[in-house]
Each structure stands twice: as structure tokens, then as C-alpha cells.
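**Student:** Dropping the sequence and predicted coords here.
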Amino acid sequence: MTPPKSPRQHHLYNDEHSIERSLTNHLIYTGGKTRKSATGRDWFDTAAHTVRDHLIERWVETTDAYHEQEPKRLYYLSLEFLIGRTLSNAAHNLDIDQPLREGLNALGQGMEEVEEMETDAALGNGGLGRLAACFLDSMASLDLPGMGYGIRYEYGMFNQRIENGRQVEHPDNWLRYGNPWEFQRPERLYPVKFNGRVVEFPSEHNGIEHHWIETETVMAMAYDMPIPGYKTDTVNNLRLWSAKATREFDLESFNEGDYVGAVEEKNTTETLSKVLYPNDTSVMGRELRLRQQYFFVSASIQDILHRFRARHHDWKLLPEKVGIQLNDTHPAIAVAEMMHQLVDVQHFKWDDAWALTTRIFAYTNHTLMPEALETWPVDMFGRVLPRHLEIIYEINHHFLHAVNHQFPGDAELLKRVSLIDETHGRRVRMAHLAVVGSHTVNGVAAIHSELLKTTLFADFHRIFPNKFINVTNGITPRRWLNQCNPGLTGLIKSRIGDGFVRDLDQLKKLAPFAKDAEFRKQFLAVKRANKLRLAERIERQTGVRVNPDSLFDVQVKRIHEYKRQLLNVLHVITLYNRIRAGHTQGMVPRTVIFAGKAAPGYWMAKQIIRLINDVAGIINHDPAVHDYLKVVFLPNYDVSSAEKIFPASELSEQISTAGTEASGTGNMKMALNGALTIGTLDGANIEIGEEVGDDNIFIFGLNTQEVADLRARGYNPWEYYNGIPELKQALDMIGNGFFSMDEPERYRAIYENLTWNGDHYLLLADYASYVSCQERVSSLYQDQDEWARRAILNVANMGKFSSDRTIQEYADKVWNVKRVKR
């Protein structure tokens with residue numbers, strides 16, 4: 001009998017016996033171990049190399065197809081790629097997960113234990129990096145010729161530990177045991193320059209030639225990671241850059257006895273790719289961040305142009321063969337770098353270079369908050385990148401001249417849209433550079449894109465009315481349902497088949513089963529099994545035993561004031577006070593689960609984490625509470641943690657102030673896994689509500705217009721403080737040290753932020769509506785059958801939020817990139 005193969009005829013078989021043979025061979029010939037001597041990590045490496053063989057075969061074929069067909073390629077530039085673990089995801093996408101599981105079992109190993117040995121690839125911080133990873137998955141699954149570019153951080157953001165309630169950052173040395181998924185490419189090495197000065201020479205090409213001289217040079221070396229599509233032969237590439245010194249070792253210094261000096265250049269240079277997002281509260285930290293951004297952008301642009309020139313001699317073809325997507329403002333310097341390469345290196349005339357550049361780039365904005373848009377002091381920028389500052393001045397000159405021609409005499413408009421902010425100590429506005437240098441600018445949810453046009457980029461929308469569009473974010477159903485929730489996936493497949501994994505719109509077929517009592521019963525059984533697994537994890541990590549029959553109320557995301565974890569805390573304290581007062585009628589047992597990291601330099605966010613843990617400490621040890629309420633903070637939130645939390649979540653907290661969250665994707669992941677959302681009319685919550693129906697989502701609070709109106713009238717938080725006794729009681733307990741008796745003033749700053757300092761994110765204004773909405777949640781949860789019906793309808797209506805739909809929209813509306821058929 002011929003063993004089964006994947007869709008194309010590959011050399012490698014994927015049946016259980018072939019996989020088992022491959023595992024045995026890799027254990028011996030790659031790992032140098034026997035079954036008796038192998039450790040858990042050896043078995044992971046063995047499984048990874050077995051899966052990697054199947055990846056490589058398709059990867060090579062994909063690369064050959066791209067060379068043969070020469071399609072337009074899309075290059076996705078992102079400072080973050082939060083890809084998580086690869087083993088299980090790659091095995092699922094290659095359709096060898098079952099034979100791999102059986103092969104490991106035959107050798108006495110469990111798939112789950114092997115998977116747990118893999119370290120998360122710590123190449124991202126939060127939603128931005130995870131979105132980029134979902135997008136790479138979808139590009140490959142749709143057979144689109146796409147490629148990611150980023151930095152190979154030696155250390156990730158950080159490992160978060162909770163010590164005495166506080167976040168303590170520890171190095172995240174994710175490469176400690178090596179990375180079996182990466183391929184070093186020493187032949188892909190590019191010089192990246194910093195500092196120095198610019199001199200001008202007369203030129204036969206375009207009048208004046210600019211030479212950037214006396215520079216400090218860092219070498220960027222490529223490392224490639226294969227990204228497989230789901231049940232397709234396409235395996236795309238993620239190329240990450242690592243900083244290398246131009247020379248490893250100064251022998252002269254060593255011979256003179258200066259052993260530190262002998263390796264000083266190497267150590268200093270390689271800090272560029274050492275750590276994700278250095279703490280930018282210091283001048284040195286900010287400068288390192290600017291250097292990081294330019295380092296990966298310059299290497300990527302050089303690599304893209306090198307690939308183009310290897311196949312084409314006509315530069316006019318550049319926009320027809322190359323598309324570059326800027327994931328937020330971090331890679332915006334790419335616009336100036338492309339001009340540097342075309343004008344200074346390839347000797348293009350300015351206007352010709354600009355015409356090419358503006359047909360290549362597109363820019364995705366991820367924030368509505370002006371303070372989150374990156375700007376750099378002109379003096380720092382000019383010192384680090386002197387030639388690029390000149391280029392930005394030149395871009396600005398041409399742009400402002402055109403704006404003045406379009407809107408003559410409007411000096412204030414020119415100030416507002418200038419690439420240089422003259423009002424705050426002269427700063428380079430990177431978002432403005434991205435907007436001016438791109439052919440398309442998109443927001444990531446319908447309301448976000450509208451607000452971009454009416455608030456943040458209103459002036460640019462007047463100037464470029466056709467440049468702004470919406471492309472709502474999405475998530476990959478492969479990782480966020482098929483892989484992380486096998487129980488629910490299996491239940492859905494038993495009713496509607498497995499087509500939804502590739503085409504999430506097919507989940508619509510599930511809607512009629514919401515009326516099926518037996519299906520609702522099975523749905524609740526799957527949810528409870530997932531809750532039991534999470535409850536075990538919670539007890540193992542925090543020591544807190546939670547009731548698996550309680551409502552799992554989940555808020556997991558980056559800790560930030562605008563995401564309003566504090567509003568959740570105020571509700572928790574209100575519930576606690578009601579329990580202590582004996583007012584428990586209509587209350588359901590509830591486990592409130594928090595997780596997320598605070599930026600190391602963000603003191604207030606770290607205080608919020610500490611408050612959550614102090615509140616949890618009081619509530620969880622108060623015998624009067626019984627089983628009514630538990631509060632847990634799960635440390636070190638990452639992709640692997642999320643894969644355990646989302647399937648168990650029942651209430652999804654998406655409670656940012658309306659008009660602050662661009663989209664959010666955690667809301668999509670939890671709804672896809674059968675949670676009901678409680679949220680404001682912000683980000684993608686609005687579109688989720690439109691898809692699932694008003695009865696199947698809990699909406700509360702002010703909308704964006706009401707937020708604007710309240711602020712315009714003059715918001716006074718004291719009115720709410722004095723007018724709502726339960727709110728006053730909760731705030732006073734925080735401010736007066738009820739939860740920090742050893743240090744009563746510990747949370748005084750939080751209290752004052754929400755009262756005396758104006759409550760910028762309007763927590764007090766939304767408190768009553770939020771608490772009332774939570775009472776509706778409790779009421780519904782008492783009817784488990786009806787809760788299940790609504791949860792099933794959430795799952796059934798998540799089709800729109802597949803990243804496959806998102807990427808297809810980008811391909812059609814922004815990139816003009818076509819599927820490569822083989």
C-alpha cells in the first residue's frame with residue numbers, strides 16, 4: 001500500500017511509520033542521542049527537525065516558483081513578529097499533526113509534553129506583533145508571495161515575574177537552547193551606516209551628489225524562518241536581521257593587554273539586535289530604539305533592491321514587482337531610506353526616485369493617540385542619520401510647496417502637516433513621513449479609519465482624499481481555533497465539516513445548531529473541559545484554586561491606562577463590598593482573570609498590576625467571600641498562555657475608552673472561542689456587535705461622540721465620585737490603603753489620577769453603565785442554556801474576522817499582489 005502524500009508529490013512521506021522513522025533518525029543523527037539518554041528537550045529538537053524537513057521541501061519549491069513566475073512580491077516591515085511556538089502550528093498547517101503525535105506515542109513520548117519544551121519566539125510585545133504573525137500565516141495560506149522583515153532579538157521583551165505583587169522584569173533569553181526553525185544566511189550581509197557627516201560634490205547625474213562619510217558601520221546578517229500556509233504547498237519566509245560587528249576582535253588591543261577593548265566594538269555593535277524595545281525613558285534608550293529601527297529598515301531595503309536587481313534591469317518595473325507595507329510608524333524611516341538608495345546610490349533624479357517610492361509604500365496606522373505617534377528630536381536624528389534628515393527636509397520642502405499651492409495662504413495648515421514639528425522643540429514626525437511617502441494609508445477597524453480621517457489625520461485627508469481606506473484586522477483561525485481549541489474544533493467539524501479552517505465564513509453553517517439542545521450541551525461540556533485545564537494552570541502558577549463552575553471573566557492584554565484594567569478593578573471591589581454586605585442576590589460565582597505586561601518604564605501601569613495583586617490577596621483570603629469571587633493575575637502573558645486562556649474564557653473584557661483602541665484582536669480570539677464580549681463601542685467591538693447581533697454582546701458606556709461632547713463641556717469626575725456611593729467607597733478603599741495596609745499611600749497616585757487629575761480615560765463616567773451591564777451578564781449566566789445559545793452564535797458569526805479576509809483585502813485594494821499558482 002502506498003503511503004498517503006500531501007497535495008503535490010513530495011519526496012517525504014507523511015504517514016505515521018515514515019514520521020516515526022524520521023523521528024528515530026533525527027534523534028540519533030541530528031541529536032546524537034538514544035531513546036534511553038534523550039531528555040525532553042532532545043525529543044522536542046527531534047520533533048522540530050522532523051517537521052522542519054517537511055517545511056524545507058515546500059519552502060524550496062515555493063522559492064523556485066517565485067523565481068520562475070516573477071510575481072509582484074509584498075514585503076511586510078514590522079519591528080515585531082509575535083509568532084509564539086512553531087512546532088504544533090507548523091504540524092497542523094502541514095497536515096502532519098496526527099502522524100507526528102502517533103509517531104511520538106510509538107516512541108513513548110506525548111505530543112503535549114514535547115510541545116511544552118518549546119520556548120516562545122520572543123520577537124514581539126503585544127497585538128501589533130501578533131497581528132503581523134497572523135498576517136504571515138494568511139499570506140502563505142492564500143498562496144500570496146509575501147515576506148516578513150524584522151529583527152532577530154537575542155532577548156525578547158522580558159520574562160515577567162510577580163514578586164510581592166509587583167512586576168519584576170527578567171531577561172527573556174529565548175535563544176538559550178538554539179532555534180531549530182531558523183537558518184543563518186551569512187551570505188546575506190549588508191552594511192548599515194550611522195553618524196558621520198554628509199559632503200556634497202558636483203555630479204554628472206543630477207547636479208549634486210551627496211556622500212555620507214566618516215560613518216560607523218554595522219553589518220546586518222540575515223536569519224530566515226519558514227512560514228507555512230495551511231494545507232497548501234506554499235511556505236513563505238520571515239527574514240530577521242542580527243547585528244554583527246565589522247570585525248569580531250581587535251588583535252592589537254588584545255596584544256597590548258586591553259582584553260576588554262579587544263571585544264568592545266563587537267559588544268557595542270551587537271546591542272542593536274540584543275533586546276526588543278529598550279527602555280526608552282532615557283536618552284540612550286531612545287537613541288538605541290531609533291538605531292534599531294533604521295538598522296532593520298536599511299538592511300531590508302537593501303535586500304529588497306538586491307533581489308529586484310538580480311532579476312530586472314529596468315527600474316521602472318520596481319513598483320510593479322515590489323510592494324512594501326509599513327506596520328505602524330516604527331519602519332517609517334524606510335521612505336527616506338528608499339530615497340537614499342535611489343538618489344545617492346543609484347543616482348536617480350529626485351523626482352524620478354520620489355515617483356517610484358510613493359508607488360511602493362503603504363502604511364498601516366495602529367493608534368488614534370497623538371502621543372503614541374513616534375517623533376524624534378531633530379538634533380538626535382541629525383546626529384545618528386545626518387543624510388536622512390537632509391532627505392526628510394527635502395521631502396518636506398516639496399510637500400509643503402504642493403500643499404501651499406493647493407491651499408494658498410493657510411500657514412497653520414502647513415505647520416500642522418509639516419514633517420517637522422516646530423512647536424515642541426523641533427521633532428521629526430514619523431507618521432507624517434509615512435503618510436506623505438505612501439500611496440495608501442489604512443486604519444484597522446471601521447471606526448478607527450473614520451476617526452483617522454476626521455481627527456488624527458484630518459488635514460492629510462483634505463490634501464489626499466483618496467489615500468485613506470479601512471482594512472479591519474483579523475486573526476488566523478489555524479492557531480486561534482484549530483490549534484488552541486481542539487475540543488471546540490472537533491465539535492464544529494462533527495456538524496459542518498472542516499472547511500471553516502480555511503474559509504472561516506463557513507462557520508455561518510453553525511448558527512442553526514444554536515437551537516439544538518444536544519449541541520448546546522456538548523458546547524458547554526467542551527467549555528468546561530477547557531476551564532478545568534486553565535484552572536489547573538492557574539493553581540500551578542499562582543497557588544489560587546478557582547471554581548471551574550464560576551464565570552471566567554477575562555481581561556488579558558498589555559497593561560495601559562486607556563485599556564482600563566482599573567475599571568475592571570473598580571467593579572471587582574464593588575462586588576467584594578456587596579458580598580461583605582450580604583448583598584449577593586442575583587450574583588453568580590465569578591473568577592476574574594487578568595494577564596498582561598507593563599512596559600518597564602511605565603510606572604502607572606506597573607502600579608495597576610500591583611493593585612490587582614493586592615486586591616486579589618485580600619479577596620482570595622477573605623472567608624466571607626466563599627466561592628463568590630476570585631481574582632487572579634497570570635504572570636508572563638505570551639502567545640502560549642493565550643492559547644490556554646482564550647478557549648476557557650466566557651466573558652471577554654474589551655472596555656477601553658471609546659475612541660482609543662484602534663481595533664483589538666483579543667476580542668476576536670475570545671469570541672471565536674465562545675466567549676461573550678462586554679465592551680464599549682470602540683475598535684472592532686462595533687463590527688463584532690454588527691456581526692453577532694445586539695442581543696449577543698454586552699455594550700456599555702459612552703460612544704466616541706459622547707466622549708468628545710463630555711470633554712468639550714468640561715468633564716468633572718467629582719460629580720460621579722460624589723453621586724455614586726459604591727464608586728466612592730471603592731475609590732476610597734484604594735486611596736486610603738485598604739488593600740495596602742503596610743503602605744497606606746501606595747495607591748494614592750491612582751486615586752488622584754481618577755479624581756484630582758481629571759480621570760483622562762473617563763473611568764468614573766462609565767462606571768455606573770459598566771456595573772449595570774455586569775449585572776445583566778450575571779443574570780444571563782444563571783441560564784446556562786441561553787448563555788450557550790448566544791455563545792454559539794458568537795462563534796458562528798466570526799467569519800469576517802479571519803486574517804485571510806484581511807489579507808485578501810490588502811492584496812486586492814492596496815498591494816495588487818496575486819496568488820502564485822503551482
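**Tutor:** Looks like it arrived, so ask away.
**Student:** The residue nearest to Arg537 when sequence neighbours are not counted is in what secondary structure piece?
**Tutor:** Leaving aside its sequence neighbours, Arg537 sits nearest to Lys644 (CB to CB, 6 or more residues apart in numbering; 5.8 Å). The way it works is simple: take the backbone N, C-alpha and C, and place the C-beta from them, glycine included. Lys644 belongs to helix 639-648 when assigned by DSSP states H and E.
**Student:** Let's see the pLDDT reported for the residue nearest to Arg537.
**Tutor:** In this model, Lys644 is scored at 98, pLDDT.
**Student:** which residues touch it?
**Tutor:** Shown in contact with Lys644 (CB atoms under 8 Å, 6 or more residues apart in numbering): 484, 533-534, 537.
**Student:** Please, a PyMOL command that selects the buried ones among those?
**Tutor:** Here is the PyMOL command that picks out the buried ones among the contacts of Lys644, judged by 16 or more other CB atoms under 10 Å:
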select buried, resi 484+534
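**Student:** Looking at the contacts of Lys644, which one is closest to Phe513?
**Tutor:** The nearest member of the contacts of Lys644 to Phe513, counting by CB to CB, is Cys484 at 21.2 Å.
**Student:** Could I get the phi/psi values of the closest one?
**Tutor:** Torsion angles at Cys484 (phi, psi; degrees, to the nearest 10) stand at phi -90, psi -20.
**Student:** Low-confidence stretches in the stretch 701-822 of the chain?
**Tutor:** Judged by pLDDT under 70, the stretch 701-822 of the chain has no weakly predicted residues.
**Student:** so what's Asn685 up against?
**Tutor:** Asn685 makes contacts with 654, 661, 664, 667, 677, 679, 697, 699, as judged by CB under 8 Å, 6+ apart.
**Student:** what's the burial count for the nearest residue to Ala529 once chain neighbours are set aside?
**Tutor:** Spatial nearest neighbour of Ala529, chain neighbours left out: Gly487 (5.8 Å); criterion: CB to CB, 6+ apart. By other CB atoms under 10 Å, the residues close to Gly487 number 17.
**Student:** So Gly487 is in contact with Pro647, correct?
**Tutor:** Yes - proximity of Gly487 to Pro647 meets the contact threshold set by CB atoms under 8 Å, at 7.4 Å.
**Student:** Can you check which residues contact both of these two?
**Tutor:** Taking CB under 8 Å, 6+ apart as the contact rule, Gly487 and Pro647 both touch Asn530.
**Student:** Secondary structure element holding Gln302?
**Tutor:** helix 283-311.
**Student:** Pipe the contacts of Lys644 into a markdown table and attach pLDDT per row.
**Tutor:** Shown next, in a markdown table, are the contacts of Lys644 (pLDDT from 0 to 100):
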| residue | pLDDT |
| --- | --- |
| Cys484 | 97 |
| Arg533 | 98 |
| Leu534 | 98 |
| Arg537 | 97 |
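**Student:** could the contacts of Lys644 go into JSON lines alongside secondary structure and distance to Val60?
**Tutor:** What follows is the contacts of Lys644, written out as JSON lines (DSSP: H, G, I helix; E, B strand; the rest coil; distance: CB to CB, whole Å):
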{"residue": "Cys484", "secondary structure": "coil", "distance to Val60": "30"}
{"residue": "Arg533", "secondary structure": "helix", "distance to Val60": "38"}
{"residue": "Leu534", "secondary structure": "helix", "distance to Val60": "40"}
{"residue": "Arg537", "secondary structure": "helix", "distance to Val60": "39"}
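**Student:** Turn the contacts of Lys644 into a markdown table, including distance to Arg161.
**Tutor:** Output for the contacts of Lys644, formatted as a markdown table (distance: CB to CB, whole Å):
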| residue | distance to Arg161 |
| --- | --- |
| Cys484 | 24 |
| Arg533 | 23 |
| Leu534 | 20 |
| Arg537 | 16 |
